[in-house]
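Asker: my questions are about this predicted structure, shown below with the sequence.
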Amino acid sequence: MVQTVPGNEPILAEVHCRTFRGRQLPGLLLALVVTMQAVALAAASGLPATLQVVLVLGVLALALGFLTGTSRYRLTATGIHREHRRFLGGQPKCEFAPFASLTAWKLESELSRSLEEYDYFELDRQRGARWVVTNRQDRPGFAAFRSALLARIAPGTATPADAVGEVPSPQPLPLPRRRGFYSSWFGKLVSLGFGVIALVMVVAALVGALDGVAMLRLAMVILPGTGYLLYRTFGPRRAG
């Protein structure tokens, strides 16, 4: 049986992932402000240090649980349906973005905090926050979503990987692709700047101008990070 959304439109692809309820940067700033207020409250309360830490971590968890949650994106012939449920519960927020309301898109990959590479879409809308769709929680669903969405908004860009779960698409509606950080001139300048800094630090290490802690930071953080940044910026372009 074919799944449908309100209006009895067949679902061409579906993916779920963890996202912010609204705009990510304002959400992070709000969580930071709330946490700082919790730190000040804990310091003024006179509670034992252990309870102060528990209070701050609890407030931070509540803030993130309110601002973030799980989003389910459903692609249909006319647009994209998004249902977002907060981690703290409550009524889901349901939105619909017709293809005509999308203004641009970006497909990029990035490293997570656990050093695992993941892919993500960014979809710009005429109104409302930018939608972010990742493959971190649902790789098979993301592969099918990516295939069907690219066939709709960027015909001719599909790769062999996109053939997995490919769904015949209605009339294509090409949208401009927004350039990612690694392919922009700003990204190239930042990468070269970090490369120069890393080179200077290597020379300083060779002449014995760095202490042990700085040497460890150079070997474990700066050189691997700079190498990855330079590879992503100046290395072979990825398809899609």
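Answerer: Everything's here; your move.
Asker: any stretches of this protein with poor pLDDT?
Answerer: The chain contains residues with pLDDT under 70 at 1-7, 156-171, 236-240.
Asker: where along it do the helices fall?
Answerer: Using DSSP state H, the helices of the chain run over residues 24-45, 49-67, 139-153, 185-206, 212-217, 223-234.
Asker: which of these has the highest mean neighbour count?
Answerer: Comparing these by mean neighbour count (mean count of other C-beta atoms under 10 Å), helix 139-153 ranks first with a mean of 21. In short, each C-beta sits where N, CA and C put it, glycine included.
Asker: with only the CA atoms kept, save that helix in PDB.
Answerer: Below are the C-alpha coordinates for helix 139-153, written out as PDB (Å, rounded to 0.1, in the frame of the first residue of the first chain):
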ATOM      1  CA  ARG A 139      21.100   6.600   5.700                       C
ATOM      2  CA  PRO A 140      18.800   4.400   3.500                       C
ATOM      3  CA  GLY A 141      16.000   7.000   3.800                       C
ATOM      4  CA  PHE A 142      18.400   9.800   3.000                       C
ATOM      5  CA  ALA A 143      19.700   8.000  -0.100                       C
ATOM      6  CA  ALA A 144      16.100   7.600  -1.500                       C
ATOM      7  CA  PHE A 145      15.200  11.200  -0.500                       C
ATOM      8  CA  ARG A 146      18.400  12.600  -2.200                       C
ATOM      9  CA  SER A 147      17.700  10.600  -5.400                       C
ATOM     10  CA  ALA A 148      14.100  11.700  -5.700                       C
ATOM     11  CA  LEU A 149      14.800  15.300  -4.700                       C
ATOM     12  CA  LEU A 150      17.800  15.800  -7.100                       C
ATOM     13  CA  ALA A 151      15.700  14.400  -9.900                       C
ATOM     14  CA  ARG A 152      13.200  17.100  -9.200                       C
ATOM     15  CA  ILE A 153      15.300  20.200  -8.500                       C
END
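Asker: which secondary structure elements does that helix contact?
Answerer: strand 13-20, strand 68-75, strand 102-111, strand 117-125, strand 131-134 (3 or more C-beta pairs under 8 Å, 6 or more residues apart in numbering; DSSP states H and E).
Asker: dump these into TSV; add distance to V200 as well.
Answerer: Output for the helices and strands packed on helix 139-153, formatted as TSV (distance: least, C-beta to C-beta, whole Å):
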stretch	distance to V200
strand 13-20	38
strand 68-75	39
strand 102-111	24
strand 117-125	28
strand 131-134	36
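Asker: tell me which of the ones you listed sits nearest to F186.
Answerer: When these are compared by C-beta to C-beta, strand 102-111 sits nearest F186, at 14.3 Å.
Asker: pull out the buried positions in the closest one.
Answerer: Going by neighbour count (16 or more other C-beta atoms under 10 Å), the buried part of strand 102-111 is 102, 105-108.
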